[in-house]
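Novice: I would like to see how this sequence folds:
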Amino acid sequence: MIDLDTISALIVEANPNMRTQLRNMLNMSGIAKVQFAVTAGVAVRKLRDARFDLILCEYHIGDGQDGQHLLEDLRHNAIIPLSTLFVMVTGERQYERVVSAAELAPNDYILKPFAADTLHERILRALEKRDAFMPAYRLIELGNVPDAITYCADAEEKFPQWQLDFMRLRAELHVASGNADEAQRLYERILSTRSIPWARLGLAKSLFMQKCYAEAEDMLQSLVNENDLFVDAYDWLSRTREAAGELESARSILASATALSPHRVGRLRRLGELSIETGDHEAAEKILSEVVRKGKYSDFRDPEDHVRLLQAQLGKGDTTQAEATIRDLERSMAGLDKTRSCSALSSALVHVKKGDTERAGEAIKQLLADQGAAQALSPRLKGELARACFATRLDDHGTEVVLDIMRNAPDDRAVAHAKDMLKAVGKAELGEQLAGQINGEVKDLVSEGARKAQDGDYDGAVQFMLSAVRRMPGNTHVLFNATLALLKHIEHCGWNERFAEQARGMMERARSQDPGNSRLPALTAYYYNLLKKYGIQA
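Specialist: Next comes the predicted model:
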């Protein structure tokens, strides 16, 4: 029997009367530990500070935010664990817009109006289901994906009423661990019995990870044709077009998604970037102004949004408005880690546009003098910094920035972007030369680390590869091989808690950068087999 007296709840609701009504209903159910959030921002801050078992969220929160967006932000930024139940309170018409057409679905929907006994029954049902999934959630939080997958497979038979949900989680875990072909087989098995939109989206994602872009595109196109409210399918369709180099088509699809769901900052941001890349600076300025406006008071605000807006304004030739954007950046983003570097880069870009290469050079040198500030920039903005270096005849600085981008490139596409930038500034040869240099550096590092391990010098292999990671912290090949060196050390020299923690951290970094990498599943299995060998509880 579930003891509701131990359950803590957060009600996210702007209307004071509805807040009181929901609290009274929860109290009648036996849930006494209840807190309120009147906006999405307040909810985020409360959830950062404390864990809740249940979030009861009105679909329309206000301020252009809705419950679905809040849930996506909470999950995407890992603010709430999987064990926190998120229940959406919604009217009939809103329900039609959100049910089954969201990649991140709430644990339940409750349609208004409803009685206290209905809420009580639904909460009990959701908690019962949560208890069945809890072992998998704990394993996932520990990073033990292989055992979580095994638990889900066993639970499909043990809990037949939730078989489909366990299959879905298992498929998502295969996707997250880079095992796209296993995910594909599981989604195909689900679809052989029922044509479920989320399973079709999952299959398309697994095909995308395997670079089967045409097949993924066909599936995504059919999804949006059948359900024009399936915004997540639009997002992935845009990504497939972008991967195929069709930027204008990718931008058009993302614009359609934004028209349907205009409040998602991440989607607006990418639409703004694509608008800049396709030369539509007028549209980019409008979109990115909205991103900056929405982001100012957000817990997820990013100073780089101001730089993107400034790029659009400079694309239009509007240096006056760009200078106003710099002032707004320094005022509204004061105190954030990247504000200083974004301000310096923005100033450099404005001076380049004005033809004042001397002042642009001063801003660039000031930025590069603070190594930490330059490193904080995203690869995309580092590319703009390199472009500004070459425009001000600071070729050596530009070359170093490009080398840094290539050394930390998570995949071949990132290297190709850097080469395209160099080609655009008339330095195509330099691009090929630097790419070759980085290839050689990585090959030499990996070979030397492997040689040390083969010679039985496991300490030397670890120290050498960790040094390589410090030099190339974002390079997936280096991360993989450093992880391998650590695991070989553990296998041959005995359990080492610090090395195991470092290996797990680097695996997670590699997974986040290149989730489709075919080496991930084997490396993950190696790690967890070592845990079992030494009797370590994950």
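
Novice: mind checking how far the residue nearest the centre of the chain is from residue 169?
Specialist: Centroid-nearest residue in the chain, with CA atoms, centre = their mean: residue 76, separated by 6.1 Å. According to CB to CB, to the nearest Å, residue 76 and residue 169 sit 17 Å apart. Every C-beta, even on glycine, is put in place using the N, C-alpha and C of the backbone.

Novice: how about stretch 417-432: buried residues?
Specialist: For stretch 417-432, a neighbour-count test (16 or more other CB atoms under 10 Å) marks 418, 419, 421, 422, 427, 430, 431 as buried.

Novice: also stretch 437-444?
Specialist: Residues 438, 441, 442 are the ones in stretch 437-444 that count as buried (16+ other CB under 10 Å).

Novice: what mean pLDDT does whichever strand or helix holds residue 380 get?
Specialist: Using DSSP states H and E, residue 380 sits in helix 379-391. Helix 379-391 carries an average pLDDT of 95.

Novice: quick one: neighbours of residue 409, just the number.
Specialist: Applying other CB atoms under 10 Å, we find 24 residues neighbouring residue 409.

Novice: count of residues packed around the closest residue in space to it that isn't next to it in sequence?
Specialist: Leaving aside its chain neighbours, residue 409 sits nearest to residue 415 (4.7 Å; criterion: CB to CB, 6 or more residues apart in numbering). Residue 415 has 20 neighbouring residues, counting by other CB under 10 Å.

Novice: before we move on, what about residue 158?
Specialist: Residues lying near residue 158 (other CB under 10 Å) number 11.

Novice: what pairs with the nearest residue to residue 15 once chain neighbours are set aside across the strands?
Specialist: Closest residue in space to residue 15, ignoring its immediate chain neighbours: residue 58 at 7.4 Å, by CB to CB, 6+ apart. Beta-bridge pairing of residue 58 under DSSP bridges involves residue 89.

Novice: from what I can see residue 74 touches residue 47, true?
Specialist: Yes. Using CB atoms under 8 Å, residue 74 is in contact with residue 47, at 6.5 Å.

Novice: distance check, residue 528 against residue 506.
Specialist: Here residue 528 is placed at a distance of 15 Å from residue 506 (CB to CB).

Novice: out of these two, which sits in the busier spot?
Specialist: Applying other CB under 10 Å to residue 528 and residue 506 shows that residue 506 carries more neighbours, namely 24 against 17.

Novice: for the more buried one, what is the enclosing helix or strand?
Specialist: Assigned by DSSP H and E, residue 506 belongs to helix 497-513.

Novice: which elements pack onto that helix?
Specialist: Packing partners of helix 497-513 (3 or more CB pairs under 8 Å, 6 or more residues apart in numbering; DSSP states H and E): helix 458-471, helix 476-493, helix 520-533.

Novice: most tightly packed of those?
Specialist: Stretch with highest mean neighbour count among those: helix 476-493 (a mean of 22; mean count of other CB atoms under 10 Å).

Novice: other SSEs contacting that one?
Specialist: Using 3+ CB pairs under 8 Å, 6+ apart: helix 476-493 touches helix 428-454, helix 458-471, helix 497-513, helix 520-533.

Novice: how far does it sit from its chain's centre?
Specialist: 25 Å (CA atoms, centre = their mean, to the nearest Å).

Novice: alpha carbons of it, as CSV, please.
Specialist: The C-alpha atoms that make up helix 476-493 are tabulated as CSV, following Å, rounded to 0.1, in the frame of the first residue of the first chain:
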residue,chain,number,x,y,z
THR,A,476,35.8,12.2,-28.9
HIS,A,477,38.6,9.9,-30.2
VAL,A,478,40.9,11.0,-27.4
LEU,A,479,38.1,10.6,-24.8
PHE,A,480,37.4,7.1,-26.0
ASN,A,481,41.0,6.0,-25.8
ALA,A,482,41.7,7.7,-22.5
THR,A,483,38.7,5.8,-21.1
LEU,A,484,40.1,2.6,-22.6
ALA,A,485,43.5,3.2,-20.9
LEU,A,486,41.8,3.7,-17.5
LEU,A,487,39.7,0.6,-17.9
LYS,A,488,42.7,-1.5,-18.9
HIS,A,489,44.6,-0.3,-15.9
ILE,A,490,41.7,-1.4,-13.6
GLU,A,491,41.5,-4.8,-15.4
HIS,A,492,45.2,-5.5,-15.0
CYS,A,493,46.2,-3.6,-11.9
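
Novice: tell me the angle that helix makes with helix 497-513.
Specialist: Relative orientation of helix 476-493 versus helix 497-513 (axes from the mean of the first three to the mean of the last three CA atoms, to 10 degrees): 150 degrees.

Novice: which residues sit against helix 476-493?
Specialist: 410-411, 442, 445-446, 449-450, 453, 456, 458-459, 461-462, 464-466, 468-469, 471-472, 496, 499-500, 502-503, 506-507, 509-510, 513-514, 517, 519, 523, 526-527, 530, 533-534 (CB atoms under 8 Å, 6 or more residues apart in numbering).

Novice: before we move on, what about stretch 386-403?
Specialist: 345, 348-349, 352, 357, 360-361, 364-365, 368, 374, 382, 385, 405, 418, 421-422, 424-425, 427, 430-431, 434, 437-438.

Novice: circling back: can you list residues touching both of residue 74 and residue 47?
Specialist: Common contact partners of residue 74 and residue 47 (CB under 8 Å, 6+ apart): residue 80.

Novice: burial count for residue 473?
Specialist: 14.

Novice: export the helices and strands packed on helix 476-493 to a markdown table and tack on distance to residue 248?
Specialist: What follows is these, written out as a markdown table (distance: least, CB to CB, whole Å):
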| stretch | distance to residue 248 |
| --- | --- |
| helix 428-454 | 23 |
| helix 458-471 | 38 |
| helix 497-513 | 27 |
| helix 520-533 | 33 |
